[in-house]
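Asks: Just need the structure, nothing else, for what follows:
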Amino acid sequence: MASDKSKQVNAFLKDGKVGLLRALALTPEFAPKPIAILVAISGGIDSTALLLMLNSLKNDLQLQLSACHVNHHLRAEESDKDEAFCHELCSQLQIPLTIEHLEQSGETSTVSEEKLRQARYERLTKIAQEKGIHLVATAHTKDDQTETLLFRLFRGTGKPGLVGMPISRALAEDITLIRPMLSISRADCEVYLESCGQSARHDSSNNNLAYRRNFIRHNVIPVIKEQFSNLAESLERFRSLNEEEEVFFSAAVESAFAELSPADLNKWTRKIFLAFPPAIQRRVLWQALRFRDIEPSYERIEGCRKAIADTSAISLDDLWDLRATTDTIFWHDKEQIKEDVEPWQIELKIPGITPLLPLNHALKIEALEEPVSTFPAKGELSAIADLSQVSFPLVVRTRMAGDAIQPFGMQEMVKLKKYLHNHKPESLPNPFANIVVADQKEVLWVPGIGLSNKLKVVGSPSHLLTWLKLAADCAIC
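Replies: Numbers count the residues shown, from 1 in each chain. Next up, the predicted model:
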């Protein structure tokens, strides 16, 4: 028995190391040596095992660990004991710990899992940014993956949702979430902690069956396992195959979006959409809903398809409607930008200097002949970029409803409103408060805030973009 447990512990450490290296391989730009990681720790079995496992690897892999505990104050004294446990554990391991407090308003029993999770990720992102750490590690396990797949299946998500939790994903422009333990079971974590002589906290809310994930964990999975003991392995095979198929479909969906809305993400050509096979229609709608922070479901997706076919309308949530006419599909943003200034845009000279009188500035774009060794900080009014992937001409213009950006370091487009909400500048000249640099498809640069991933320099940069303040008698005017 002792030999079996020893093998289980060794397998845990090996799988944890492999999982970490896989996650780091997907985020090489954020993994210089030493590798700084912010570990999310609740005090439970999984996160305690994650922290100890990473600590055991820190010399081998040159890890620089910090930890963060988010206290939601949902369980009164029990929550405070969780916090004290995390403080004591990190003190023993000599790992810096940040405690974040999230006070809940109203009846705590009604707080949704999704809102709590989102609040944690927002705090983890904030702490990572403050500390200059680009990697945040969470203790999601093979069991969590199983629960997630079943939860999404029962909820009626589309196939894109059945790829499960990825081993890494972007939390913000410069912050990546990694999950090193997705191939490790919760039981393996328990054995590992036992071998270390380490206790852990038990979250009593995990027994609350009002939370649907808990209901699946306690009432559904045990019944399935009575007949299908290899449930986790079977679901992992299904997830893996589905993930490979989604890579193929992602390329098809990207091509479909380029046909549907070459100039405006909120206006699609109805004839083109109807010509797509149903499988592509559903995936396009799934991604369009996710992009607008609307939970994709079978009912919503089929409702959109029906509205498009019938040239009618559907209300999707408090912020978005979809309306279809004979020629056009409109995504109507109910919170359209309302500005005092009239919208305008000016095409940029490349290379050259373009005066922008509304801003009392000019934008100078220089072609770079020599390699550069330093790059401007993202908050500066200058940028070094590779323009090989953009759709010319480039313009400076006012923001528009429906604007989107693919933030630097991310693979997905996000609404510009959401991006700006998460990237508020400390200081920015007033004329730039409503200004973007864009190509014919999307926003490329929000001056003083951040760049699109389309401008990311992979080899050699092609251009330097610099804002110049115009003097009263400036000759270039």
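Asks: Now the host helix or strand of residue 171: buried residues?
Replies: For residue 171, the host element (DSSP states H and E) is strand 168-172. Neighbour counts using 16 or more other C-beta atoms under 10 Å place 168, 170, 171, 172 of strand 168-172 among the buried residues. (C-beta placed from N, C-alpha, C; glycine too.)
Asks: between those, which is nearest residue 309?
Replies: Of all the buried residues of strand 168-172, residue 309 sits closest to residue 170, with 34.7 Å by C-beta to C-beta.
Asks: What residues are bridge-paired with the closest one?
Replies: Note on residue 170: beta-bridge partners by DSSP bridges are residue 176.
Asks: what sits against it?
Replies: 176, 177, 407, 409, 410, 411, 412 (C-beta atoms under 8 Å, 6 or more residues apart in numbering).
Asks: shouldn't the first one be in contact with residue 169?
Replies: This points to residue 176. Yes. The pair residue 176 / residue 169 is scored as a contact, 7.1 Å apart, by C-beta atoms under 8 Å.
Asks: coming back round to it: could I get the buried residues of strand 168-172 in CSV, plus columns for distance to residue 436?
Replies: Output for the buried residues of strand 168-172, formatted as CSV (distance: C-beta to C-beta, whole Å):
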residue, distance to residue 436
168, 28
170, 20
171, 23
172, 19
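Asks: Count the residues that sit near the closest residue to residue 48 other than its chain neighbours.
Replies: Spatial nearest neighbour of residue 48, excluding adjacent residues (C-beta to C-beta, 6 or more residues apart in numbering): residue 200 at 4.4 Å. By other C-beta atoms under 10 Å, the residues close to residue 200 number 20.
Asks: Surely residue 200 forms part of a helix?
Replies: No. Applying DSSP: H, G, I helix; E, B strand; the rest coil, one finds residue 200 to be coil, outside a helix.
Asks: all numbers from here: first residue = 53
Replies: Got it, first residue is 53 now, which makes that one residue 252.
Asks: OK, contacts around it?
Replies: Residue 252 makes contact with 95, 96, 97, 100, 101, 137, 245, according to C-beta under 8 Å, 6+ apart.
Asks: quick one on the thing from earlier: what's the ChimeraX syntax to select whichever of the contacts of residue 222 are buried?
Replies: The buried residues among the contacts of residue 222 can be selected in ChimeraX (16+ other C-beta under 10 Å) with this line:
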select :228,229,459,461,462
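Asks: So which bits of stretch 107-121 are buried?
Replies: In stretch 107-121, counting by 16+ other C-beta under 10 Å, buried: 107, 109, 110, 113, 115, 117, 118, 119, 120, 121.
Asks: And for stretch 201-210?
Replies: 201, 202, 203, 204, 209, 210.
Asks: can you put the residues you listed in a markdown table and add distance to residue 266 and secondary structure?
Replies: Below are these laid out as a markdown table (distance: C-beta to C-beta, whole Å; DSSP: H, G, I helix; E, B strand; the rest coil):
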| residue | distance to residue 266 | secondary structure |
| --- | --- | --- |
| 201 | 16 | helix |
| 202 | 12 | helix |
| 203 | 11 | helix |
| 204 | 16 | helix |
| 209 | 19 | coil |
| 210 | 25 | coil |
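Asks: Can you pick out the most distant pair from the contacts of residue 252?
Replies: Farthest apart among the contacts of residue 252 - using C-beta to C-beta - are 101 and 137, which lie 13.9 Å from each other.
Asks: Comparing those two, which residue is more hemmed in?
Replies: Between residue 101 and residue 137, counted using other C-beta under 10 Å, residue 101 has the larger neighbour count: 26 against 19.
Asks: quick one, what contacts that one?
Replies: Residue 101 touches 64, 191, 233, 241, 242, 244, 245, 252, counting by C-beta under 8 Å, 6+ apart.
Asks: out of those residues, which is most surrounded?
Replies: Most crowded among these, counting by other C-beta under 10 Å, is residue 233 at 30 neighbours.
Asks: Do I have it right that that one meets residue 192?
Replies: Yes. Using C-beta under 8 Å, residue 233 makes contact with residue 192 at a distance of 6.6 Å.
Asks: Between these two, which contacts overlap?
Replies: residue 98.
Asks: What distance do you get for residue 339 to residue 466?
Replies: According to C-beta to C-beta, to the nearest Å, residue 339 and residue 466 sit 12 Å apart.
Asks: buried set for the lengthiest helix in the chain?
Replies: When the chain is parsed with DSSP state H, its longest helix is helix 283-312. Buried residues in helix 283-312, counting neighbours by 16+ other C-beta under 10 Å, are found at 283, 284, 287, 288, 291, 294, 298, 301, 305, 308, 309, 312.
Asks: Ok, stretch 505-516 next?
Replies: Buried, per 16+ other C-beta under 10 Å, within stretch 505-516: 505, 506, 507, 509, 513, 514, 515, 516.
Asks: residue ranges with poor pLDDT in the stretch 103-252 of the chain?
Replies: Within the stretch 103-252 of the chain, the stretches with pLDDT under 70 are 155-164.
Asks: now do 80
Replies: 155-167, 207-213, 225 (pLDDT under 80).
Asks: Just the CA atoms of stretch 461-476, as CSV, please.
Replies: C-alpha atoms of stretch 461-476 as CSV (Å, rounded to 0.1, in the frame of the first residue of the first chain):
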residue,chain,number,x,y,z
GLY,A,461,-1.3,38.9,-26.3
MET,A,462,-4.8,37.6,-26.8
GLN,A,463,-6.3,35.4,-29.5
GLU,A,464,-9.9,36.6,-29.3
MET,A,465,-11.6,39.8,-30.1
VAL,A,466,-13.3,41.7,-27.3
LYS,A,467,-15.7,44.7,-27.3
LEU,A,468,-13.8,47.9,-27.0
LYS,A,469,-16.1,49.1,-24.2
LYS,A,470,-15.1,46.0,-22.1
TYR,A,471,-11.4,46.5,-23.0
LEU,A,472,-11.5,50.2,-21.9
HIS,A,473,-13.3,49.2,-18.7
ASN,A,474,-10.4,46.9,-17.8
HIS,A,475,-7.6,49.2,-19.0
LYS,A,476,-8.3,52.7,-17.5
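Asks: Let me see the domain layout of the chain.
Replies: 54-279, 288-385, 397-521 (automatic domain parsing).
Asks: quick one: average pLDDT of the last one?
Replies: Averaging pLDDT along domain 397-521 yields 82.
Asks: just stretch 380-389 next, same as before
Replies: Mean predicted lDDT for stretch 380-389 stands at 79.
Asks: can you put the buried residues of stretch 505-516 in a markdown table and add distance to residue 370?
Replies: Compiled in a markdown table, the buried residues of stretch 505-516 are given as follows (distance: C-beta to C-beta, whole Å):
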| residue | distance to residue 370 |
| --- | --- |
| 505 | 30 |
| 506 | 31 |
| 507 | 34 |
| 509 | 40 |
| 513 | 42 |
| 514 | 43 |
| 515 | 41 |
| 516 | 43 |
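Asks: Let me know the closest of those to residue 126.
Replies: Set against residue 126, the nearest of these by C-beta to C-beta is residue 505 (36.9 Å).
Asks: thought the closest one was touching residue 462?
Replies: Yes. Using C-beta under 8 Å, residue 505 is in contact with residue 462, at 5.9 Å.
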